[in-house]
Structure formats: C-alpha cells, structure tokens
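A.B. asks: generate coordinates for the sequence data below:
(one chain, ligands or ions: 2)
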Amino acid sequence: MRDDTVTGLLQDDHTRLDDLIDEARSALSARAFADASALWRQVVHGLGQHIEAEEQLLFPAFERATGMTSGPTVVMRNEHVDIKRLLEAVGAALGAEDASAAREAVAELADLLGVHNSKEEGILYPRTDSALGPAGAKALTEQLRARLGSDS
Ligand SMILES: [Fe+2]
Ligand SMILES: [Fe+2]
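C.D. replies: Residues are numbered from 1 along each chain as shown. Ligands and ions are numbered 1, 2, ... in the order given. This next block holds a predicted model:
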C-alpha cells in the first residue's frame with residue numbers, strides 16, 4: 001500500500017511543500033508581503049522537518065540497508081545545504097520587501113528542488129523501500145510520518 005512506503009509518504013510531502021511554495025510565489029507576485037512571509041514560514045518549517053527526517057532517519061537507513069555510504073546520500077546532504085541557504089535568502093528578501101530578490105531566490109530554490117526531489121523519488125526512496133522489504137519499509141515510514149507535518 002502506498003501509505004506504507006517511504007516513496008509514497010515522502011513523495012506526498014514533496015507535493016505538499018511544492019504547493020505551499022507556489023502559494024507563496026503567488027502572494028509574492030501580488031506584492032502581498034505579509035501573506036508571502038506567513039506562507040514562507042510554513043515552507044521553512046515544513047521543508048526543515050522534511051530534511052531533518054531524511055538526514056536523521058532515511059539516509060542512515062538507506063546506508064545501513066545498501067552499504068552505500070558515499071553515494072546518493074552524500075549528494076543529497078550537499079543539496080540540502082543549498083536548499084537551506086536559499087530558504088534563508090528568500091526569507092531575508094521578504095523581510096526587506098525586496099520582491100525581485102525574493103522572486104529570484106524562490107525560482108532558484110524551485111529549480112533545485114525539482115532536480116533534488118526527482119532524484120530522491122526516482123532512486124533513493126524506491127531503493128530504500130526495496131532494500132528494507134515491506135515490513136521494514138512500513139516501520140520506517142511510520143517513524144518518518146511522526147516527524148512530518150506537525151505544527152510545532
Ligand atoms: Fe531531500
Ligand atoms: Fe525529500
């Protein structure tokens with residue numbers, strides 16, 4: 001069942017976060033800085049939880065299950081650093097009500113997330129599911145779910 005797989009859960013979270021980013025972009029286009037900033041706080045919070053859950057639970061599980069410690073997880077961790085830098089850049093530009101800097105940084109972030117997420121969805125998530133087997137994947141999915149989408 002889709003809900004019992006790492007791929008299903010984290011792909012859905014990517015979609016949820018992409019939608020929030022799109023909403024923030026629309027608010028920004030309308031120069032509604034307060035709305036855009038409120039939405040951006042949700043993006044920072046949600047993407048922060050997502051990245052932490054991947055780095056603390058998913059990547060170690062992938063590395064243990066496949067023995068690959070110097071492959072895809074290294075690339076993904078490096079991309080997370082760039083994602084976090086861009087999240088901050090957007091927040092700073094919104095704080096300064098600098099619409100063009102904010103638009104530029106959001107566009108760069110959206111491009112990076114497009115590439116990053118498709119690698120995770122195409123390679124890392126499915127390989128984790130298959131390496132763990134159905135029971136292991138389900139257990140990890142439950143741990144991940146507990147870390148995502150909470151308000152605090
Ligand atoms: Fe990631
Ligand atoms: Fe991800």
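A.B. asks: what about the chain, any weak spots by pLDDT?
C.D. replies: For the chain, residues meeting the criterion pLDDT under 70 lie at 1-2, 150-152.
A.B. asks: name the element the closest residue to residue 110 other than its chain neighbours belongs to?
C.D. replies: Using CB to CB, 6 or more residues apart in numbering and skipping residues adjacent in sequence, the residue nearest residue 110 is residue 21, 6.3 Å away. Backbone N, C-alpha and C define where each C-beta goes, glycine included. Per DSSP states H and E, residue 21 falls inside helix 6-29.
A.B. asks: and if you look at residue 97?
C.D. replies: Here residue 97 is assigned to no helix or strand, by DSSP H and E.
A.B. asks: does it touch residue 33 like I think?
C.D. replies: Yes: Residue 97 is within contact range of residue 33, at 5.1 Å (criterion: CB atoms under 8 Å).
A.B. asks: look at the two and report which has more neighbours.
C.D. replies: Neighbours per residue (other CB atoms under 10 Å) separate residue 97 from residue 33, with residue 33 holding more: 19 against 13.
A.B. asks: which residues touch residue 121?
C.D. replies: The contact partners of residue 121, by CB atoms under 8 Å, 6 or more residues apart in numbering, come to 7, 10-11, 14.
A.B. asks: give the contact list for residue 11.
C.D. replies: Going by CB under 8 Å, 6+ apart, residue 11 touches 121, 125.
A.B. asks: residue 144 versus that one, what's the distance?
C.D. replies: 12 Å (CB to CB, to the nearest Å).
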